[in-house]
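Visitor: model the following, please.
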Amino acid sequence: MGAFRLGMVPPTSNNQGEVKKWSQLSTSGKVVRTTARTTNLLVILFGAGFSAMLVYALTSELFSKNSATVLYGQACELIKSSDKVSQYLRGPLVFHNNPPSAVRPRHRNDRVASQIVRDSSGREHMLLNFFVQGQPHNAAAAAAPGDQSVLGAALESAQASAAALADMSPDDVLAATGQYATDRWDAFKRLFRFLSGDDLAPSAHPPPPPATEPRREAPPSGWKQGLTGLFAGLRPSGADAGGVLPGAPEEGFTDGEVHADLVMNDHGQFEFRFLRVDIPDSQVAHPVRVFVIGGGRRR
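Guide: I've put the predicted structure just below:
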């Protein structure tokens, strides 16, 4: 049968003795066995109760209509689809629970900041507070060259070269080839001089003409200076000056702070009383307030 018997576990010293029946136990033995069985039962009941409580908490938080997580998601969807917000914040919008800062926080807060309060009539209110971040208004112009793939750029360059080559005569092709070879050879020689430490040869191209400074008009003096100083502050501002939204800088806004107030209705469900976005945040002196739901002045 070999040195090892498969499927058989050798008996240990603890299992050699038979388990005594309850009637064969002494009083102390009965107490010990009762304590052990009771401890095992309590551990099992505690684990089952904790698991049930955890499942209930997760289910009520993720699937309940009154949970802060579900209402937070509804608020985010309302802000994304708001035309008023899109006038100030460029999409796609990103929502988070940390205030905007130059330094990324070490521990990000993943829990929605919510609070349950009661008004003077005893109705429950849920207050939500989170932050929204948009894209820079010049992101589309800056990212436009990068949107084209390398393969697409190579294909367009090849098509342009082929179209230009089809319109050229054989003499033009020879002249262009010679000019290209000359330019490549000059570039190679400049690179070799640079790597070897020699001074680069002066360029054959003539230096550009010196830029002429614009003519400056002499400042007015006497009574003219006082008159212009008096009316210097009367300049158009806001949307009339640069065609931008009221209160918006030239580069536009990128951050906003969201405040939501939800009230419990007669059916036991929270509904939005108001939902507003303070741009850039609520800490500035005069934030731009955009109401997605509810009334109020924009500023």
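Visitor: could I have the CA atoms of the lengthiest strand in the chain written out in CSV?
Guide: When every strand of the chain is counted residue by residue (DSSP state E), the longest turns out to be strand 124-135. Only the C-alpha atoms of strand 124-135 are listed here, as CSV (Å, rounded to 0.1, in the frame of the first residue of the first chain):
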residue,chain,number,x,y,z
GLU,A,124,-38.1,66.9,7.4
HIS,A,125,-35.6,68.5,5.0
MET,A,126,-32.5,66.9,3.5
LEU,A,127,-29.7,69.3,2.7
LEU,A,128,-27.1,68.2,0.2
ASN,A,129,-23.8,69.9,-0.5
PHE,A,130,-21.2,68.9,-3.1
PHE,A,131,-19.0,70.4,-5.8
VAL,A,132,-19.0,70.4,-9.6
GLN,A,133,-16.1,70.9,-12.0
GLY,A,134,-16.3,71.8,-15.6
GLN,A,135,-13.7,71.9,-18.4
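Visitor: domains in the chain, as residue ranges please.
Guide: Following automatic domain parsing, one finds the domains of the chain at 24-62, 79-101+108-140+244-293.
Visitor: now those as TSV including mean neighbour count?
Guide: To be clear about C-beta, it is placed using only N, CA and C from the backbone, and glycine gets the same treatment. Below are these laid out as TSV (neighbours: other CB atoms under 10 Å):
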stretch	mean neighbour count
domain 24-62	10
domain 79-101+108-140+244-293	15
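Visitor: could you export those as TSV, including distance to residue 156?
Guide: As requested, the domains of the chain are exported to TSV (distance: least, CB to CB, whole Å):
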stretch	distance to residue 156
domain 24-62	49
domain 79-101+108-140+244-293	20
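Visitor: in a markdown table, list those along with mean pLDDT and distance to residue 189.
Guide: Listed next are the domains of the chain as a markdown table, based on pLDDT from 0 to 100; distance: least, CB to CB, whole Å:
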| stretch | mean pLDDT | distance to residue 189 |
| --- | --- | --- |
| domain 24-62 | 85 | 69 |
| domain 79-101+108-140+244-293 | 84 | 41 |
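Visitor: what's the closest of those to residue 192?
Guide: domain 79-101+108-140+244-293 (40.9 Å; CB to CB).
Visitor: okay, how far is it across the closest one, tip to tip?
Guide: End-to-end span of domain 79-101+108-140+244-293 (CA to CA, to the nearest Å): 9 Å.
Visitor: thinking again about what came up before, other SSEs contacting the longest strand of the chain?
Guide: helix 68-80, strand 90-96, strand 113-118, strand 255-264, strand 270-279 (3 or more CB pairs under 8 Å, 6 or more residues apart in numbering; DSSP states H and E).
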